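Novice: Got a sequence here, can you model it:
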Amino acid sequence: MGVNSNRVEHFDSHESTIKIQDETMQIHAVQLPPHRTTLHKLRQRVSEIFFPDDPLYRFKNQTCFKKFLLALQYLFPIFQWAPNYNLTLLRSDLISGLTISSLAIPQGISYAKLANLPPIIGLYSSFVPPLIYSLLGSSRHLGVGPVSIASLVMGSMLSEKISYTQEPILYLGLAFTATFFAGVFQASLGILRLGFVIDFLSKATLVGFTGGAAVIVSLQQLKGLLGIVHFTSKMQIIPVMISVFKQRHEWSWQTILLGFGFLVFLLTTRHISLRKPKLFWVSAAAPLTSVILSTILVFLLRNTTHQISVIGHLPKGVNPPSANMLYFNGPYLALAIKTGIITGILSLTEGIAVGRTFASLKNYQVDGNKEMMAIGLMNIAGSCSSCYVTTGSFSRSAVNYNAGAQTTVSNIIMAAAVLVTLLFLMPLFYYTPNVVLAAIIITAVIGLIDYQSAYKLWKVDKLDFLACLCSFFGVLFISVPLGLGIAVIISVFKILLHVTRPNTLVLGNIPGTQIFHNINQYIEALRVPSFLILAVESPIYFANSTYLQERILRWVREEEEHIKANNGAPLKCIILDMTAVTAIDTSGLDTLCELRKMLEKRSLELVLANPVGNVMEKLHKSNILDSFGLKGVYLTVGEAVADISSIWKAQP
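Specialist: All right, here's what the predicted structure looks like:
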């Protein structure tokens with residue numbers, strides 16, 4: 001029945017409590033909130049939606065020159081900390097910048113291959129975007145560059161329509177175009193202050209999505225790890241595994257030996273750094289060390305290791321312009337826009353989450369809308385300078401933080417190291433084996449499989465765990481984009497479920513107090529004879545008003561059955577505690593009016609308790625309170641019980 005029918009409560013034993021001092025208790029009137037015009041309400045609502053952080057508060061009572069400086073600092077955070085920059089900070093940033101560059105160079109090459117792009121594009125993407133972010137970003141520790149999930153999604157979505165081997169120029173142009181639209185989408189969210197859009201990706205669905213994507217990324221690297229030449233371009237787990245075993249004749253023992261050797265080395269260094277955080281530099285330097293050692297090894301044994309594929313020639317020089325390669329018309333424009341928006345959402349979610357994570361550790365704030373603009377503008381600039389989608393990388397940011405970064409100058413130092421590599425060191429990568437890049441990718445993405453968070457979801461919220469599982473298996477067995485779509489649909493469904501089916505509770509009185517609480521949660525809470533006290537824990541909207549009416553009538557029926565079974569006092573009054581009803585619309589008002597009429601026909605009284613300001617205002621303007629009468633609305637449940645009980649006693 002939803003209530004505890006095993007407890008038998010008697011009015012006599014509880015009378016001293018239920019009296020609630022009816023002779024001395026003062027009954028407070030429920031007052032209307034201060035009058036506000038419709039324009040004022042609309043302005044406040046818009047302000048709360050788009051400007052919850054009140055970004056203009058610093059401009060109040062300032063001179064024009066001071067306002068100009070504040071605006072400059074707001075748009076370019078570098079002007080906030082640059083005047084106080086010193087050699088001590090530079091030393092910390094120099095060490096951290098050089099440290100993350102040792103990770104950024106091999107990661108950039110590896111992730112570009114993950115997106116089916118030339119390896120050099122990964123290095124280009126580790127040069128220009130960090131420079132842009134260092135001027136516009138508000139996070140001191142965010143390490144900017146390509147990331148695995150966005151690379152995987154871009155590669156899988158574009159590869160479904162375009163072959164990167166048969167039409168490499170078209171594929172590259174679409175990758176740059178998708179990056180451009182990702183940047184436009186991200187910057188637009190920041191400028192229009194629509195950051196709440198990305199909140200539709202809940203933590204549960206992201207855990208499942210990133211876990212599934214990490215598994216797919218790892219399995220895709222079996223191509224390089226086993227030395228397979230002809231491999232499926234599909235991203236689902238079944239085609240990938242079929243391709244792995246179908247091409248057993250292409251497996252190369254030399255490649256397998258080299259790959260698994262360096263994979264063990266990389267996983268060991270990662271384990272050491274996880275166990276002892278002070279040794280973070282061990283795992284940070286491991287990818288570049290692996291690249292150097294494997295390149296030297298393959299070069300020395302080049303006459304006997306023909307079966308090990310290598311990167312080959314990489315062009316020297318800085319990023320060439322690519323604005324002329326952007327596609328703004330033609331049959332593939334829709335594909336580029338869709339890919340850009342999806343990768344933009346993913347990279348934006350990751351970048352802001354990573355930035356806020358490390359900001360909380362150092363007790364400073366990261367402005368979400370400012371981060372969206374910074375990430376968006378760096379992707380727009382990147383698309384015109386031969387870069388693909390970039391954002392804040394968790395692995396780079398973790399290394400940056402542990403290395404002691406103090407400002408975004410660490411990104412400038414990293415970009416400078418990448419520039420030196422682009423100008424002078426590119427020939428050295430000719431003999432770098434692809435199998436080592438595969439091992440680097442596997443090591444990087446393996447940390448995205450967050451089984452601890454999944455277990456916590458199972459313990460705390462089964463619906464969240466179901467969303468996590470659906471997202472995970474959607475990525476594994478359907479596709480990466482559809483897996484993300486499933487994650488969004490489940491998140492929206494969960495919101496709709498809470499909105500359309502809100503929680504309702506039966507309240508009881510805790511003896512000796514004026515407190516009323518859920519009788520299922522508090523064993524000592526007792527029903528008040530002749531009263532049914534209900535609480536609604538949500539706004540009353542058109543989407544849930546019909547359900548609430550039916551549910552309240554069901555509570556009434558169940559209460560009457562409970563009274564009959566226990567020979568209790570007959571039900572006379574239903575009190576609706578509206579403390580948690582934060583809003584009500586016209587459908588909700590009609591529901592209350594209709595519910596009162598239905599109960600009145602059954603000789604039952606409906607009373608409202610503690611309607612909040614805007615709810616009370618709408619009740620007053622709709623004239624519904626006239627039908628409830630003078631004793632139809634009370635400030636608290638306790639006052640309602642006391643006053644109505646005294647009226648009943650006064651009646652002959």
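
Novice: what comes into contact with the helix or strand hosting V475?
Specialist: Element membership for V475 (DSSP states H and E) is helix 462-477. Helix 462-477 has contacts (C-beta atoms under 8 Å, 6 or more residues apart in numbering) with 202-209, 211-213, 215-216, 236-238, 454, 457-458, 482-487, 490-491, 494, 497. Glycine gets a C-beta too; all of them are placed from N, C-alpha and C.

Novice: Out of those residues, list just those in helices.
Specialist: 203-209, 211-213, 215-216, 237-238, 454, 457-458, 482-487, 490-491, 494, 497 (DSSP state H).

Novice: Using neighbour counts, trim those residues to the buried set.
Specialist: 204-209, 211-213, 215-216, 237, 454, 457, 483-484, 486-487, 490-491, 494 (16 or more other C-beta atoms under 10 Å).

Novice: tell me the mean pLDDT over the helix holding V475?
Specialist: The average pLDDT within helix 462-477 is 86.

Novice: Now do the strand or helix carrying L505: distance to the chain's middle.
Specialist: Remark: L505 resides in strand 504-509, with elements defined by DSSP H and E. Its chain's C-alpha centre and that of strand 504-509 lie 34 Å apart, by C-alpha atoms, centre = their mean, to the nearest Å.

Novice: buried ones in whatever helix or strand comes next after that strand?
Specialist: Remark: after strand 504-509, the chain's next helix or strand is strand 516-518, criterion DSSP H and E. In terms of neighbour count (16+ other C-beta under 10 Å), strand 516-518 has its buried residues at F516, H517.

Novice: can you check stretch 136-148 too?
Specialist: In stretch 136-148, residues buried by neighbour count (16+ other C-beta under 10 Å) are 136-148.

Novice: In helices, which of the residues you listed fall?
Specialist: L136, S148.

Novice: Make JSON lines from the buried residues of stretch 136-148 and add distance to E160 and pLDDT to it.
Specialist: What follows is the buried residues of stretch 136-148, written out as JSON lines (distance: C-beta to C-beta, whole Å; pLDDT from 0 to 100):
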{"residue": "L136", "distance to E160": "33", "pLDDT": "91"}
{"residue": "G137", "distance to E160": "33", "pLDDT": "89"}
{"residue": "S138", "distance to E160": "36", "pLDDT": "86"}
{"residue": "S139", "distance to E160": "34", "pLDDT": "90"}
{"residue": "R140", "distance to E160": "39", "pLDDT": "89"}
{"residue": "H141", "distance to E160": "36", "pLDDT": "90"}
{"residue": "L142", "distance to E160": "31", "pLDDT": "91"}
{"residue": "G143", "distance to E160": "30", "pLDDT": "91"}
{"residue": "V144", "distance to E160": "28", "pLDDT": "93"}
{"residue": "G145", "distance to E160": "25", "pLDDT": "93"}
{"residue": "P146", "distance to E160": "20", "pLDDT": "93"}
{"residue": "V147", "distance to E160": "21", "pLDDT": "90"}
{"residue": "S148", "distance to E160": "19", "pLDDT": "85"}
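
Novice: Now flag whichever of the buried residues of stretch 136-148 is closest to N379.
Specialist: The closest of the buried residues of stretch 136-148 to N379 turns out to be V144 (C-beta to C-beta; 10.4 Å).

Novice: so what's that closest one bridging to?
Specialist: For V144, the beta-bridge partners are G392 (DSSP bridges).

Novice: Around V492, how many other residues sit close by?
Specialist: V492: 12 surrounding residues under other C-beta atoms under 10 Å.

Novice: packing partners for the host helix or strand of N400?
Specialist: Here N400, judged by DSSP H and E, is contained in helix 394-402. Judged by 3 or more C-beta pairs under 8 Å, 6 or more residues apart in numbering; DSSP states H and E, helix 394-402 is in contact with helix 87-114, strand 143-145, helix 280-300, helix 333-361.

Novice: Ok, which of the ones you listed comes nearest A71?
Specialist: helix 333-361 (22.2 Å).

Novice: any low-confidence regions in the protein?
Specialist: Scanning the chain with the threshold set as pLDDT under 70 gives 1-25, 48-54, 199-200, 233, 305-306, 630, 652.

Novice: What are the boundaries of the strands in it?
Specialist: Taking DSSP state E as the criterion, the chain carries its strands at 143-145, 391-393, 504-509, 516-518, 531-536, 573-577, 605-609, 633-634.

Novice: Quick check: buried residues in the third one?
Specialist: Buried residues in strand 504-509, defined by neighbour count with 16+ other C-beta under 10 Å: T504, L505, V506, L507, G508, N509.

Novice: what bridges to the fifth one?
Specialist: Spelled out, that is G508. H517.

Novice: Help me confirm that it comes into contact with N520.
Specialist: No - taking contacts as C-beta atoms under 8 Å, G508 lies outside contact range of N520: 9.3 Å.

Novice: list the contacts for M235?
Specialist: Contacts of M235 by C-beta under 8 Å, 6+ apart are L152, S156, I216, Q220, S479, V480.

Novice: Nearest to R43 among the residues you listed?
Specialist: Nearest to R43 among the contacts of M235, with distances taken as C-beta to C-beta, is V480, at 42.3 Å.

Novice: Provide a list of residues in contact with that closest one.
Specialist: Taking C-beta under 8 Å, 6+ apart, one finds L152, V153, S156, M157, G212, A213, I216, M235 in contact with V480.

Novice: any idea which of those is the one closest to A609?
Specialist: G212 (47.7 Å).

Novice: do you know how far that closest one is from I449?
Specialist: Computed with C-beta to C-beta, to the nearest Å, the distance linking G212 and I449 is 9 Å.

Novice: do G97 as well
Specialist: Relative to I449, and taking C-beta to C-beta, G97 is found at 29 Å.

Novice: Y164 now?
Specialist: Relative to I449, and taking C-beta to C-beta, Y164 is found at 27 Å.

Novice: Equivalent analysis for E550, please.
Specialist: Distance, E550 to I449, by C-beta to C-beta: 44 Å.

Novice: And the two? Which one has more around it.
Specialist: It is I449, of E550 and I449, that has more neighbours when counted by other C-beta under 10 Å, with 18 against 11.

Novice: For the more buried one, which residues are in contact?
Specialist: So I449 contacts T210, G211, A214, V215 (C-beta under 8 Å, 6+ apart).

Novice: Might one say that the last one is in contact with M241?
Specialist: I take that to be V215. No - in terms of C-beta under 8 Å, V215 does not count as a neighbour of M241; the distance is 11.2 Å.

Novice: and N509, how far is that from F531?
Specialist: In terms of C-beta to C-beta, N509 sits 9 Å off from F531.

Novice: what is in contact with these two at once?
Specialist: Common neighbours of N509 and F531, using C-beta under 8 Å, 6+ apart, are V641.

Novice: Quick one: end-to-end distance for stretch 126-144.
Specialist: 7 Å (C-alpha to C-alpha, to the nearest Å).

Novice: whoops, I mixed them up, stretch 451-469
Specialist: First-to-last residue span, stretch 451-469, C-alpha to C-alpha: 11 Å.

Novice: With stretch 361-368 instead?
Specialist: Counting by C-alpha to C-alpha, you get 17 Å between the two ends of stretch 361-368.

Novice: for it, the distance to its chain's centre please.
Specialist: 16 Å.

Novice: Good, wrapping up.
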